[in-house]
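**Student:** Sequence and predicted model, in that order:
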Amino acid sequence: MAAAAISHLRRGAQRHAHAVLCISLSRRRFSSSAVAAASPLAAAARRLLSTTADSAGSTSGEHYKPPPFDPFRAATLSPSALPLESPPIEDEPPSSPPPQDEAAASEAAHEQATLACQEVELEGLKAGVEAVKSREESPEEKEAWWLLSRAVVNYCGSAVGTVAANDPSTSQMLNYDQVFIRDFVPSAIAFLLKGESDIVKNFLLHTLQLQSWEKTVDCYSPGQGLMPASFKVRSVPLDGNSEAFEEVLDPDFGESAIGRVAPVDSGLWWIILLRAYGKITGDYALQERVDVQTGIRLILNLCLSDGFDMFPTLLVTDGSCMIDRRMGIHGHPLEIQALFYSALRCAREMIGVTDGSKNLIRAINNRLSALSFHIREYYWVDMKKINEIYRYKTEEYSHDAINKFNIYPEQIPSWLADWIPVKGGYLIGNLQPAHMDFRFFSLGNLWAIVSSLATQRQAEGILNLIEAKWDDIVANMPLKICYPALEYEEWRIITGSDPKNTPWSYHNGGSWPTLLWQFTLACIKMGRRDLARRAVEVAEKRLSDDKWPEYYDTRTGRFIGKQSRLYQTWTIAGYLSSKMLLDCPEMASILVCDEDFELLEGCACSLNKNARTKCSRRAAKSQVLV
């Protein structure tokens, strides 16, 4: 039935080309040598070629091509150079490669140690799930679970997601009655923590079915690998029979959205959620499926493709993420870069290591190294950095220029000098030639902590800033989506006089309770659960009485948003996830990434006077210590 529905929905569009992959049993982070192929019988038993939960057949992938060798090219790399190599440290002579027998034995020992660690971690997470199930719930939590269950969407008899909102007070639902990928993530985390993983598995597989859907805006097709922003379950007549109906999944890739912008973050969230599902359930077979592996590759192909951009950050337009309206975040917004980094880290763990995937893994490692350095070096501001920018010289032309992006000191806004604390700092919202967006964006900063895109010192600085500026960022409802709001002429020019994004409303400085679960994750990782508990207590005082709104307005978040939907699902799920994570903080490991020092070995950014010389290992590692 599901296969017929999808076939009907696609209306003749080209189907995916699936790769025939030899899947590794290990979940290694790094490997430069091929994994020995599993026996044909075991490989055949593991391969599930359908994207449906019941597993039907799938097409073979002889026409699938891996991505280009090195999507982010350092200027010094010759066509034959390996992108992961770095110049040796002068006082560290290169070591000769170990004999083949020793290398094989070392790799086998590494695999066994990895699998053993996974088993230990899985046992701990299973114990955590049981602890979550047995914990005593408050009346607010019981109400939230009841509301979350009412938001569940079924497709062909199986739960596949949750609607964005279930507001009975409005008849104009717009697209709030659809399942959004980004909106479902906190719901998925809540379900996983509670041990209800089937809905998450179904969601992952059915959204995978919708990948690469070839809908068009003005006769233009988006790139293969694009994930939809949302989908809706519809009933349509079966083969023209008005008495027989079938259910179909109708996706929206942005062609129906306000502004007609394709979502960049959907595929990134999908990869992050896929890893979380595998870690908490131990169902790594799902990740090893050929269709899932192909889906990961298609997303990475789209993100890692070459273009005109000179930076390792993703170049995107306004409206391509949670802030889905014109808010002046086009270019290289922090939110996308943090999710991009996290998705690359997660994908690298899940990609089966084969001869065909080596180039992709090299490309991922190369991009991760450059991206982490770029964000840590150029997006970070604290009092010291702002004072440095204040004294910048402009119009510098040379490889050793200090003001590399030709930032004019006059861009420093008047509010910033008095706002930023002496101890603490944050990652700015955007960076482009001659432009720095100094606004504080919560999601990007929080996810930079969760994914270890920010250094340890920077992560501590971000939480210190939130604590010092609690009345601005949290106040009566956590958390401000950005600070400060655009006002007066700036609001008119940048937002186009958007009546929904008026100052201190919606995306323009509104307060979004769904950010609570990401704040909780960041606090747990940094050992600051006290801050998270404080924020949850603030939210608990109002959410239930206010009927779980989508967002709050005013500078201190005192009013329910003027166009806010009530019974917003990710508000409900964000609260539930935060409560469970605080009671069982070890469960945060399904989403958190620790600092990876091996990434710094391959940093490909120019730190010295010669722009065509890659970072040394010593210089790259120093980024962790600053």
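**Tutor:** Great, that's in hand. As the structure is a prediction and not an experimental result, all values here were calculated from the model.

**Student:** would Ser235 count as being in a helix?
**Tutor:** No. Assignment of Ser235 by DSSP: H, G, I helix; E, B strand; the rest coil gives strand, placing it outside any helix.

**Student:** List the beta-bridge partners for the nearest residue to it once chain neighbours are set aside.
**Tutor:** Nearest residue to Ser235, sequence neighbours excluded (CB to CB, 6 or more residues apart in numbering): Phe245, at 4.6 Å. The C-beta positions use only the backbone N, C-alpha and C, and glycine is treated the same way. Counting by DSSP bridges, Phe245 is bridged to Pro237.

**Student:** show me where the stretch 51-200 of the chain has strands.
**Tutor:** 152-155, 158-162, 179-180 (DSSP state E, counting those that start in this stretch).

**Student:** One more: the stretch 401-550 of the chain?
**Tutor:** 425-432, 435-441, 482-483.

**Student:** rewinding a little: wouldn't the residue nearest to Ser235 be in contact with Val233 here?
**Tutor:** No. Judged on CB atoms under 8 Å, Phe245 makes no contact with Val233 at a distance of 11.7 Å.

**Student:** Quick check on those two: which one has the bigger neighbour count.
**Tutor:** Val233 (19 against 12; other CB atoms under 10 Å).

**Student:** Now do the closest residue to that one other than its chain neighbours, the pLDDT please.
**Tutor:** Among residues not flanking Val233 along the chain, Tyr155 sits closest, at 4.9 Å (CB to CB, 6+ apart). On pLDDT, Tyr155 comes in at 97.

**Student:** Any idea what Tyr155 is bridged to?
**Tutor:** Beta-bridge partners recorded for Tyr155 (DSSP bridges): Ser158.

**Student:** List the residues that contact it.
**Tutor:** Contact partners of Tyr155, counting by CB atoms under 8 Å, 6 or more residues apart in numbering, are Ala2, Asn202, His206, Val233, Glu247, Leu249.

**Student:** Provide a list of residues in contact with the nearest residue to Lys133 once chain neighbours are set aside.
**Tutor:** Leaving aside its sequence neighbours, Lys133 sits nearest to Gly195 (CB to CB, 6+ apart; 5.9 Å). The neighbourhood of Gly195, defined by CB under 8 Å, 6+ apart, consists of Val129, Glu130, Val132, Lys133.

**Student:** So what does Gly195 look like in phi/psi?
**Tutor:** phi 90, psi 10 (degrees, to the nearest 10).

**Student:** Report the separation between it and Thr281.
**Tutor:** 9 Å (CB to CB, to the nearest Å).

**Student:** follow-up on the earlier one: between the strands of the stretch 401-550 of the chain, which one is closest to Cys303.
**Tutor:** strand 425-432 (18.2 Å; CB to CB).

**Student:** And for that closest one, what's in contact with it?
**Tutor:** Contacts for strand 425-432 (CB under 8 Å, 6+ apart): 313, 328-329, 331-334, 375, 378-383, 385, 405, 436-441, 444-445, 448, 454, 458, 461-462, 465, 482.

**Student:** Sheet-wise, list the partners of it with their directions.
**Tutor:** strand 380-382 (antiparallel), strand 435-441 (antiparallel).

**Student:** so how far is the longest one from its chain's centroid?
**Tutor:** Here the centre of mass of C-alpha atoms in strand 435-441, compared against the chain's by CA atoms, centre = their mean, to the nearest Å, lies 20 Å away.

**Student:** And for that strand, what's in contact with it?
**Tutor:** For strand 435-441, the external contacting residues (CB under 8 Å, 6+ apart) are 328-329, 331, 333-335, 381, 389, 405, 407, 411-413, 416, 426, 428-431, 465, 473, 480-484.

**Student:** for the first one, same thing?
**Tutor:** Outside of strand 380-382, the residues within contact range by CB under 8 Å, 6+ apart are Ile389, Ile420, Gly424, Gly425, Tyr426, Leu427, Ile428, Phe438, Ala454, Gln458, Gly461.

**Student:** Dump the residues you listed to a markdown table, plus pLDDT.
**Tutor:** Below are the contacts of strand 380-382 laid out as a markdown table (pLDDT from 0 to 100):
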| residue | pLDDT |
| --- | --- |
| Ile389 | 96 |
| Ile420 | 96 |
| Gly424 | 95 |
| Gly425 | 98 |
| Tyr426 | 98 |
| Leu427 | 98 |
| Ile428 | 98 |
| Phe438 | 98 |
| Ala454 | 98 |
| Gln458 | 98 |
| Gly461 | 98 |
